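K.L.:
fold the following for me, if possible:
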Amino acid sequence: MRTVDAAGLEIGDEHPPRIMGVLNVSEKSPYSPSVFDDPGEAAAYVDEELVGEGADIVDVGLETANKRFEVLTAEDELDRLDTAIQAIESVSGDAVFSIETRYHEVADAALSRGFDAVNDICGFADPEMPRVCEEHDAAVVKMASPPDLERPGAVEDVDDIYEALARNGFTDKTILDPAFGGWSEAKTLEDDRETFRRLREFRGYGRPLLVSINRKNFLREVAGRDTEGALPVSLAATSMAVERGAHVIRTHDVAETRDAALIGKEFARRRVSREDDVSVEELDVTTPGEAARHVDRLGGEPAVAADAVTRVFEFDGLSPAETGALRAAAAETRAVAVIGADEAAALLVGTPAALERASRAASGVSDPLDAALATFGSSDE
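P.N.:
Numbers count the residues shown, from 1 in each chain. Sure thing, here's the model as predicted:
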């Protein structure tokens, strides 16, 4: 996993989770407490509510990306840029300033006038965006999107999201965002939940991850909360996201999110160790699908992924015949069976590939055992 230097702020596995606070100069932003059109008021908000509460990065939006509103042109965004520039020039606190845009012209102007980084919500749909960011030596967040400047984030299938992140390549300082939220009519809340469940897969590109999940619908629905009441579910998801490998959390609730992110980091696995010029990283892989992303990145044989993860299943209430079937199946395959003293309980341990072979070998003894063995079919989820 590479580390990205964003104007001196290092982002990666070996560094604390970074908090990105949000400032909007769009009157149509969906979260009104962060919206300002007066530079002085905006600067005060950044100092007090964002940097003052622990934000490392301030992401400034010039328009809402909500699909219900018309897309601003690059010229429209440039007209609003002066307000954003005046605001960041008046901030007394220390932070990295990111401009949220889809246009290379806006990114170039912002980076030339004091901004440090870019948050590209269209994922390099503007093919000139990578060049501009590289010329300014600026970090850039690349959000998964179709190659269409008017459809930010409108990717539904998780596999398509992964592929969209690679479209038009990466810069040396690219941070990846899998695009949570209602960016298209077709995208469902379950699509977002599936993306979150598979968050580790997006580490497969070996680049830092940003997640923007603050008060999102796919979390609110779980607890039956409206936007105002959704902070607790956002904080729970933040800890989970960091534990699963996210490096930047974009939020409107800086102080609370910072604490939740630190808890996630504290209990995440320690992944990297170094000895002189050699480093070793324990990859955060829990499913063959996650393993396949890393295998593919190195050009390896895809079939290897099925043997890259170990699963452990416990059976109880077994009959002597069922126990015997598991013991015999393990002996025939690369699985391991651990039988309890009373032989009514057992552990079956192995890779998904080995467990699938064991399942086939042990089937046919009884319907209950066959039903239990069918569990192995979901081992890639």
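
K.L.:
burial of A341, as a residue count?
P.N.:
6 (other CB atoms under 10 Å). Where you see a C-beta, it was placed from the backbone N, CA and C, and this is true even at glycine.

K.L.:
quick one, phi psi at it?
P.N.:
Backbone geometry at A341, expressed as degrees, to the nearest 10, gives phi -60, psi -40.

K.L.:
and A374, how far from L72?
P.N.:
52 Å (CB to CB, to the nearest Å).

K.L.:
those two - which one has more neighbours?
P.N.:
Taking neighbours as other CB under 10 Å, A374 and L72 compare with L72 leading, 19 against 11.

K.L.:
hmm, the more buried one is touching E63, no?
P.N.:
Yes: in this structure L72 lies within contact range of E63 using CB atoms under 8 Å: 4.5 Å.

K.L.:
and for these two, which residues touch both?
P.N.:
Residues touching both L72 and E63 (CB atoms under 8 Å, 6 or more residues apart in numbering) are R80.

K.L.:
please parse this structure into its domains.
P.N.:
4-268, 310-378 (automatic domain parsing).

K.L.:
most tightly surrounded among these?
P.N.:
domain 4-268 (a mean of 20; mean count of other CB atoms under 10 Å).

K.L.:
show me the shaky parts of the stretch 51-200 of the chain.
P.N.:
When residues are selected by pLDDT under 70, those of the stretch 51-200 of the chain lie in 64-69.

K.L.:
can you pull out the strands in it?
P.N.:
57-61, 96-101, 117-120, 139-143, 174-177 (DSSP state E, counting those that start in this stretch).

K.L.:
include distance to L235 when you put those strands into CSV, please.
P.N.:
Formatted as CSV, the strands of the stretch 51-200 of the chain follow (distance: least, CB to CB, whole Å):
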stretch, distance to L235
strand 57-61, 19
strand 96-101, 22
strand 117-120, 22
strand 139-143, 22
strand 174-177, 19
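
K.L.:
any idea which of those gets closest to G229?
P.N.:
strand 57-61 (23.7 Å; CB to CB).

K.L.:
which residues of the stretch 201-350 of the chain score low on pLDDT?
P.N.:
In the stretch 201-350 of the chain, residues with pLDDT under 70: 271-275.

K.L.:
now the helices: where do they sit in the protein?
P.N.:
Assigned by DSSP state H, the helices in the chain fall at 39-45, 74-89, 104-112, 129-135, 158-166, 189-197, 217-223, 231-243, 254-266, 288-297, 320-332, 352-362, 367-373.

K.L.:
show me what the third one is packed up against.
P.N.:
Under the contact definition 3 or more CB pairs under 8 Å, 6 or more residues apart in numbering; DSSP states H and E, helix 104-112 sits against helix 74-89, strand 96-101, strand 117-120, helix 129-135.

K.L.:
repeat that for the last one.
P.N.:
Identification of packing neighbours for helix 367-373 by 3+ CB pairs under 8 Å, 6+ apart yields helix 320-332, helix 352-362.

K.L.:
nearest to F218 among the strands of the stretch 51-200 of the chain would be which one?
P.N.:
That would be strand 174-177 among the strands of the stretch 51-200 of the chain, by CB to CB, at 15.3 Å.

K.L.:
JSON lines for the helices and strands packed on helix 367-373, including distance to G40?
P.N.:
Formatted as JSON lines, these follow (distance: least, CB to CB, whole Å):
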{"stretch": "helix 320-332", "distance to G40": "71"}
{"stretch": "helix 352-362", "distance to G40": "58"}
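
K.L.:
so which of the ones you listed gets nearest R2?
P.N.:
Comparing those by CB to CB, helix 352-362 comes nearest, at 29.1 Å.

K.L.:
elements contacting that closest one?
P.N.:
strand 311-315, helix 320-332, strand 346-350, helix 367-373.

K.L.:
of all the ones you listed, which lies closest to R203?
P.N.:
That would be, of the helices and strands packed on helix 352-362 and by CB to CB, strand 311-315, which comes in at 20.2 Å.

K.L.:
what sits up against the closest one?
P.N.:
Under CB under 8 Å, 6+ apart, the answer for strand 311-315 is 322, 326, 345-352, 355, 372, 375-376, 379.

K.L.:
what of stretch 158-174?
P.N.:
4-6, 123-125, 127, 130, 133-134, 137-142, 144-147, 155, 176, 178-179, 191, 194-195, 198, 201-202, 204-205, 207, 293.

K.L.:
skipping its backbone neighbours, what lies nearest E301 in space?
P.N.:
For E301, ignoring the flanking residues on the chain, the nearest one in space by CB to CB, 6 or more residues apart in numbering is V295 at 7.2 Å.

K.L.:
what sits against the one you found?
P.N.:
So V295 contacts 301-302, 304-305, 308 (CB under 8 Å, 6+ apart).

K.L.:
not counting its neighbours along the chain, what's nearest A374?
P.N.:
Nearest to A374 is S359, by CB to CB, 6+ apart, at 7.6 Å.

K.L.:
ok, the one you found touching F376?
P.N.:
Yes: judged on CB under 8 Å, S359 makes contact with F376 at a distance of 4.8 Å.
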